[in-house]
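Trainee: Here is my input, please return the structure:
(one chain, ligands or ions: 1)
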Amino acid sequence: MSFHPKHAFLSLSLLILAACGSSGGSSTATCTGDNVTTACTNTYNIRFDAANQKTGRSSFTLTVKNHDGNGVSGATVTLLPWMRMATMNHASVVDSVTDNGDGTYTCVVYYLMSSSMGGQSMGTWDMGVTVNGESATFTPVEVGMPMGETVKVNLSLNSDQYSKMGTATTRTWSLFKESVNANGVMKVVVTTVESMSNFPKVATGATLTDATGGSWTVDSLVVELSTDKATWLTATENGDGHFTVMGLTGLADGVASNVYVKLTVNGYPYTTDGANGNGANDYQTFVVIPGAMGAGM
Ligand SMILES: [Cu+2]
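Mentor: Coordinates of the predicted model:
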């Protein structure tokens with residue numbers, strides 16, 4: 001893969017050095033970075049506080065200072081979670097970056113997979129960060145597995161394909177749990193894949209690219225949830241791939257429950273196996289524990 005944050009960092013740094021020469025900015029300032037929790041760019045000192053990253057929804061804080069130690073608010077901050085695996089590299093889903101106004105930024109991402117499974121390493125996660133166009137990469141980022149809950153389910157339809165490194169491949173749509181509570185409110189985020197470096201959230205009206213490079217529009221996107229597979233509640237779309245259902249029954253704090261989910265795109269039910277919906281394959285199952293640690297806000 002040619003698209004790697006380290007490459008962007010190196011080339012951008014060289015450009016900036018070339019543009020500024022040796023007299024640029026803050027010659028007396030110090031910045032030391034280990035590229036694990038701290039990193040230096042030409043202008044910024046960035047701290048990455050990322051305890052408890054897990055598959056699914058995870059948040060962390062970036063602290064951005066100038067080399068003179070003053071916090072930098074109002075910066076344009078972008079993220080590129082990046083997993084390096086034995087046979088391929090891939091990005092993940094970025095949800096939000098919130099400027100707290102004091103030089104800290106609260107970031108929410110959804111990791112597609114954990115760093116290891118059953119003691120076996122699956123690869124190494126990096127977190128690429130740009131601040132006002134200056135890049136840093138934090139690595140490794142340990143991404144754990146959530147215990148006892150399902151944080152992501154996949155649905156697909158074999159007629160909906162994309163070009164995976166040149167090969168027509170059925171597109172996986174991943175629905176992530178954002179939050180759930182015992183009052184019957186559950187939020188999910190709908191995401192899909194456009195390429196190994198692009199896992200977008202999907203809202204109604206989004207444009208996606210098919211396996212031949214043609215574009216098509218998501219004219220309708222329906223998410224339905226149920227706790228009994230009899231009553232299906234249609235989620236309210238909140239924009240940017242976020243959906244909310246209220247009124248789920250039978251959920252209790254600390255108790256594992258099944259929440260079933262259906263996804264219908266442009267009128268077609270998406271399924272567990274990509275085949276046409278047949279009543280048995282057209283929903284997925286989240287195991288949720290309302291109120292559980294790490295369940296999100
Ligand atoms: Cu991976």
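Trainee: Run through who's touching stretch 92-102.
Mentor: Contact with stretch 92-102 is made by 57, 71, 73-75, 77-83, 105-112, 174, 176, 189, 191, 199-201, as judged by CB atoms under 8 Å, 6 or more residues apart in numbering. (C-beta placed from N, C-alpha, C; glycine too.)
Trainee: Filter those residues down to the buried ones.
Mentor: When the contacts of stretch 92-102 are checked for burial by 16 or more other CB atoms under 10 Å, the buried set is 57, 75, 77, 79-83, 105, 107-112, 174, 176, 189, 191, 199-201.
Trainee: and the protein, which residues reach the ion?
Mentor: 83, 85, 113 (CB under 5 Å from the ion).
Trainee: just checking, residue 215 touches residue 207?
Mentor: Yes. Between residue 215 and residue 207 there is a contact under CB atoms under 8 Å: 5.1 Å.
Trainee: So which of the two has more stuff around it?
Mentor: residue 207 (11 against 8; other CB atoms under 10 Å).
Trainee: Tell me how far the more buried one lies from the ion.
Mentor: Shown here: residue 207 relative to the ion, a distance of 26 Å by CB to the ion, to the nearest Å.
Trainee: Could you chop the chain up by domain?
Mentor: 5-144, 152-288 (automatic domain parsing).
Trainee: got these as TSV, with mean pLDDT columns?
Mentor: Formatted as TSV, the domains of the chain follow (pLDDT from 0 to 100):
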stretch	mean pLDDT
domain 5-144	87
domain 152-288	97
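Trainee: Closest approach to the ion from the stretch 101-250 of the chain, which residue is it?
Mentor: Closest contact between the stretch 101-250 of the chain and the ion, by CB to the ion, is at residue 113 (4.5 Å).
Trainee: tally of neighbours for that residue?
Mentor: 18.
Trainee: quick one: it is in a helix?
Mentor: No. Under DSSP: H, G, I helix; E, B strand; the rest coil, residue 113 sits outside any helix and is assigned coil.
Trainee: Contacts only, for it.
Mentor: Counting by CB under 8 Å, 6+ apart, residue 113 makes contact with 55, 83, 122, 143.
Trainee: Look at residue 135 and say how many residues are nearby.
Mentor: Neighbour count for residue 135, taken as other CB under 10 Å: 23.
Trainee: what does residue 184 give?
Mentor: Residue 184 has 18 nearby residues by other CB under 10 Å.
Trainee: Report the separation between it and residue 56.
Mentor: 20 Å (CB to CB, to the nearest Å).
Trainee: Likewise for residue 69?
Mentor: Going from residue 69 to residue 56 by CB to CB gives 35 Å.
Trainee: higher neighbour count, these two?
Mentor: Higher neighbour count among residue 69 and residue 56: residue 56, with 27 against 10, using other CB under 10 Å.
Trainee: so where do the helices sit in the protein?
Mentor: Under the criterion DSSP state H, the chain contains helices at 5-20.
Trainee: Residue of it nearest the ion, please.
Mentor: For the chain, CB to the ion, closest residue to the ion: residue 83, 4.0 Å.
Trainee: That residue against residue 125, yeah?
Mentor: Yes. Under the criterion of CB under 8 Å, residue 83 makes contact with residue 125 at 5.1 Å.
Trainee: Counting neighbours, what do you get for the residue nearest to residue 30 when sequence neighbours are not counted?
Mentor: What sits nearest to residue 30 in space, not counting adjacent residues and going by CB to CB, 6 or more residues apart in numbering, is residue 67, at 7.1 Å. By other CB under 10 Å, 18 other residues sit near residue 67.
Trainee: these two touch, right, residue 289 and residue 256?
Mentor: Yes. Using CB under 8 Å, residue 289 is in contact with residue 256, at 5.1 Å.
Trainee: So which of these two has more stuff around it?
Mentor: residue 289 (22 against 13).
Trainee: tell me the contacts of the more buried one?
Mentor: Here residue 289 is in contact with 148-149, 254-257, 295 (CB under 8 Å, 6+ apart).
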